[in-house]
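>>> following is a predicted model, sequence given first.
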Amino acid sequence: MKIRTRLTLLFTLITATILLVFAAVIYFTAKENREKEFYLLLKKEAITKANLFLNARVDKKNLQEIYHNNRRILNEVEVAIYDPYFHLLYHDAVDIDYVKETKQMINEINQKGEISFYQQDWQVIGLRYEFQGSYFIVTATAYDQYGYTKLDSLFKTIIIVFIISVLFIYIAGRFFSKKAFGPVKEMTEKAANISATNLDLRLMSNGSKDELSELANTFNEMLDRLENSFEAQKHFVSNISHELRTPLAAIIAELELSTHKDRTISEYKNVVTNTLADAKKLARLSNSLLDLAKASYDPSEISFKPVRIDEILLDARSQAQQANPDYKIDIHFESDFENDDQISVNGNEYLLKVAFVNLFENGCKFSDNKQSTVSFSYGDGKILLRFADKGIGISKEDIKNIFTPFYRGENKKYADGNGIGLSLTQKIITLHKGEINVISSAEKGTVFTVELHQITYHNKNKA
Ligand code: ADP
């Protein structure tokens, strides 16, 4: 069952129950009031007749005549007067006589002073009446035709009003729930049309602060994130294929050209050198991609253990210098350390080395003097590394994008690369819950600062 129908039914049921209770209270109160009022009327009539008979000494016959005459038009009250010894003194109509008084009844009235009861639908009241020091027993009875008719019509009105109200509430409930759930239906239809090919579609939000707008906004924000990551993915793939195609096309062209006719040894050597350079480029790219994939793993899948940053820096330096013997890399320890913990982090040795090699290589390759210096310090639970060079620097426009995969700055002509290094480095540092920042000024040089948490910080946090 749809929520809309369920809500309408629930709403109708609750309102119908309230209405029913309300109607029942009205009906039973009216019923009780009718009974009370009619007993009062009977009492009044009994006293009046007793007065007429005993006090005003109106003739029995006259009283009986009045009763018979009134009976034709009104629900006349039938009154009987007894003395306490069950001697009938007066009776409105012995021939009709609805209430068959008994000696026991007369005794009870005499004892209690007043009793009232029903004889079928007829209400009866019996009371002790004092006149000139003597007691008399008066009974009065009548059928409350008027009261019952009123009650009956009240009952019918209540039933009709109840049915109409419930119908109206149901229709109104359906109408309003349709209106309330209209936007949900619209959203469902719109959301059903959104797929990978049209991720730019968005749900309509009416701009108010209600729950549905919040839902639409949250959904739209999720779509924004999805669209961005889809776009990033698309770019990533097209960038990779571009990066792969360029050196591959160069290798193919070189090799094809060399097969067209016989070449001299030095020409062949030239072809081999060029293709080797392109093949190395491809190898570097595939290594970087592999490292990027590793750094993008779920952190729980990467093994972290205590590692000494100074040792990783030394390893990174020898790796960078092995690949590029002309690079000059200085490691400068700014503060002495007393124990290993001060210069250790909880990290992945391989990935940290990849990050440091990238920073060393960038510093060297974008500098005329091919020199990069890293200064190492620690304090406040942190290890601070400053990778500085005196190279060509990065322009203000480029600095915003250098951490984007495959982005290469306008200074890319200066050195070879594929634009993956810094995005990979940033991923690795973030994976270690660290931070990487850059300050650069054109022609003066660049400084990358890397902040990592000392091992003691992790131990403290674990505890
Ligand atoms: P790549 O070095 O392969 O081009 P990176 O991701 O390592 O790619 O760097 C992205 C861009 O950032 C580089 O193309 C370059 O423009 C700029 N860059 C990075 N490090 C430096 C640096 N030390 N000096 C000048 N420019 C740099």
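Perfect, thanks for sending it.
>>> was I right to think Glu45 contacts Asn75?
No. At 10.6 Å, Glu45 does not count as touching Asn75 under the criterion of Cβ atoms under 8 Å. Yep, even glycine has a C-beta here, placed from its N, CA and C like the rest.
>>> these two: which is more packed in?
Glu45 (19 against 15; other Cβ atoms under 10 Å).
>>> which residue packs closest to that one, ignoring adjacent ones?
Leaving aside its chain neighbours, Glu45 sits nearest to Val77 (4.1 Å; criterion: Cβ to Cβ, 6 or more residues apart in numbering).
>>> what touches both of Glu45 and Asn75?
The contact sets of Glu45 and Asn75 overlap at Ala142 (Cβ atoms under 8 Å, 6 or more residues apart in numbering).
>>> who does the helix or strand hosting Leu248 touch, helix- and strand-wise?
Assessed by DSSP states H and E, Leu248 sits inside helix 211-260. The contact analysis (3 or more Cβ pairs under 8 Å, 6 or more residues apart in numbering; DSSP states H and E) places helix 211-260 against helix 145-193, helix 265-295.
>>> report the buried residues of the last one.
Using 16 or more other Cβ atoms under 10 Å as the test for burial, helix 265-295 gives 271, 274-275, 278, 281-282, 284-285, 288-289, 291-292, 294-295.
>>> make CSV out of those residues and add pLDDT and distance to Glu186.
What follows is those, written out as CSV (pLDDT from 0 to 100; distance: Cβ to Cβ, whole Å):
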residue, pLDDT, distance to Glu186
Val271, 92, 65
Asn274, 93, 61
Thr275, 94, 60
Asp278, 92, 55
Lys281, 88, 53
Leu282, 92, 51
Arg284, 88, 52
Leu285, 88, 47
Ser288, 86, 47
Leu289, 87, 43
Asp291, 87, 46
Leu292, 82, 41
Lys294, 84, 45
Ala295, 82, 42
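>>> pick the one among the residues you listed closest to Arg6.
When these are compared for distance to Arg6 (Cβ to Cβ), Ala295 wins out at 49.7 Å.
>>> grab the nearest non-local neighbour of the closest one.
Nearest-residue entry for Ala295: Lys427, 4.2 Å, with adjacent residues in sequence omitted and distances by Cβ to Cβ, 6+ apart.
>>> separation between the residue nearest to Glu45 and Tyr146?
13 Å (Cβ to Cβ, to the nearest Å).
>>> those two: which is more packed in?
A direct count of neighbours by other Cβ under 10 Å for Val77 and Tyr146 places Val77 higher, at 24 against 12.
>>> which ones are touching that one?
Contacts of Val77 (Cβ under 8 Å, 6+ apart): 41-42, 45-46, 49, 92, 140-142.
>>> can you tell me how far the residue sitting furthest away from the middle of the chain sits from Phe219?
Computed with Cα atoms, centre = their mean, the residue of the chain farthest from its C-alpha average is Asp59, at 87.5 Å. Counting by Cβ to Cβ, the separation of Asp59 from Phe219 is 95 Å.
>>> how far away is the residue in the stretch 151-300 of the chain positioned nearest to the ligand from Ser303?
The nearest approach of the stretch 151-300 of the chain to the ligand comes at Ser288, 8.2 Å away (Cβ to the nearest ligand atom). For Ser288, the distance to Ser303 equals 21 Å [Cβ to Cβ].
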